[in-house]
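Q: after the sequence you'll find the predicted model.
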Amino acid sequence: MDIVHSTKFILDSGDLSEYRKIKDLAEKNDAQLWGATTNPSLIAKAAGLTEKGKKFTQKEAFDFQKETILEIVKIVPGAVSAEVYADLTTKAEEMVKQGREIATWHQRVVVKLPTTLEGLKARTTLRKEKINTNNTLVFSQQQIFAICLHEHIMQKKYGPIDDLWPPFISPFVGRLDDIGEDGMDLVENGMKIKKLFSHTLPASPLAIWMLEASVRKVEHIRRGILAHTELITAPASALEQWFALTQDEKDQIDSTVYAKDLQKIPYWTPDDNLLKIDNEEDFYQAIEAQKIDITHPLTEKGIVRFVEDWKTILK
Ligand code: E4P
């Protein structure tokens with residue numbers, strides 16, 4: 001089968017030695033390790049690897065994250081995502097403060113925000129300042145729709161983000177698989193949702209990239225490429241396996257067998273009235289009235305987990 005090889009690969013890690021290893025492996029196999037994603041769990045793990053047993057103040061932990069990110073930037077040529085520290089009570093203003101700071105670290109650093117109401121509010125402010133974002137902890141089509149619609153409203157009013165890349169959306173595949181749902185359906189349906197906005201702007205289609213995340217296996221990678229996902233982030237174990245395969249072996253992967261017992265996620269179609277929303281006020285009204293439901297139990301669970309992991313390195 002003819003596959004379009006435009007999907008870029010990202011390593012999901014906070015470990016510098018893994019970046020060097022996977023970059024070399026990719027190059028040996030005529031591929032490229034393009035970017036990086038990190039999160040509080042990965043940074044806490046990296047801190048444990050390099051500064052065994054050390055406990056950090058909140059500021060030291062943030063500085064450690066910055067140092068790690070700046071080292072990763074030297075290894076990969078593309079985007080490096082760094083997450084704001086947010087728990088379930090963190091307000092948009094606090095995320096904005098951190099996001100502004102993170103954005104100063106390097107031109108290629110993208111600010112990761114949780115996909116919650118406060119996270120979206122932070123996205124509004126940062127987007128107006130042309131700070132690039134990666135919406136993370138995405139588990140539902142309504143969340144994908146909300147981010148696309150938000151970007152559409154912003155793009156229409158303020159123009160494209162004018163950065164090296166458009167903003168990213170990160171659907172989490174493996175964590176949906178873990179609860180018995182076919183996580184790749186979310187990515188595949190999400191690509192269709194994104195297309196709903198392709199002809200809505202006179203000058204240009206909606207500029208936003210799908211970043212398939214929480215990848216566990218080569219089958220996820222193969223399905224992502226077939227769905228034309230722009231970006232895939234995966235742990236070293238999955239990328240190692242993928243880069244070691246020949247093109248024939250990649251083409252022969254049966255990417256559906258593993259999912260046969262997983263529950264399909266049917267395509268969610270937005271109501272016409274939702275598609276017509278074209279300003280911030282109506283957008284937030286639709287969210288608050290739950291006409292667009294951006295809540296998902298795994299988003300909350302993900303925030304709690306990140307906070308717990310982050311706390312393992314805090315004094
Ligand atoms: C990416 O941005 C995420 O941090 C990551 O893919 C989460 O993966 P996990 O579900 O394996 O923790």
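A: Here it is on my side, so go on. Source: prediction; values computed, not measured.

Q: okay, buried residues for the lowest-mean-pLDDT helix or strand in the chain please.
A: Lowest mean confidence among the helices and strands of the chain (mean pLDDT, DSSP states H and E): helix 40-50, at a mean of 84. Neighbour counts over helix 40-50 (16 or more other CB atoms under 10 Å) mark 40-47 as buried. In this view, the C-beta of every residue, glycine as well, is placed from N, C-alpha and C.

Q: off-centre distance for that helix?
A: 19 Å (CA atoms, centre = their mean, to the nearest Å).

Q: at the geometric centre of the chain, which residue sits there?
A: Note on the chain: the residue nearest the mean C-alpha position is residue 170, at 2.8 Å, using CA atoms, centre = their mean.

Q: please report phi then psi for that one.
A: phi -110, psi 90 (degrees, to the nearest 10).

Q: now swap in residue 11 and tell me
A: According to degrees, to the nearest 10, residue 11 has phi -100, psi 130.

Q: how about the residues of the stretch 101-250 of the chain that lie near the ligand?
A: Applying CB under 6 Å from any ligand atom, we find that the stretch 101-250 of the chain lies next to the ligand at 136, 170, 172, 174-175, 213-214, 233.

Q: who wins for neighbours among the residues you listed?
A: residue 213 (30 neighbours; other CB atoms under 10 Å).

Q: please name the residues that touch that residue.
A: 12, 37, 136, 138, 170-173, 233 (CB atoms under 8 Å, 6 or more residues apart in numbering).

Q: from those, pick the one nearest the ligand.
A: The ligand has its nearest neighbour among those in residue 37, at 3.7 Å by CB to the nearest ligand atom.

Q: got any ranges where the stretch 151-300 of the chain has weak pLDDT?
A: Residue ranges of the stretch 151-300 of the chain with pLDDT under 70: 199-205.

Q: all helices for the stretch 151-300 of the chain, in order.
A: Under the criterion DSSP state H, counting those that start in this stretch, the stretch 151-300 of the chain carries helices at the ranges 173-178, 183-195, 218-226, 236-244, 247-252, 272-275, 280-288, 297-311.

Q: can you get me a residue count around residue 77?
A: Using other CB under 10 Å, residue 77 is surrounded by 13 other residues.

Q: report the contact partners of it.
A: Residue 77 neighbours (CB under 8 Å, 6+ apart): 32, 34-35.

Q: need phi/psi at it.
A: Main-chain dihedrals, residue 77, degrees, to the nearest 10: phi -90, psi -10.
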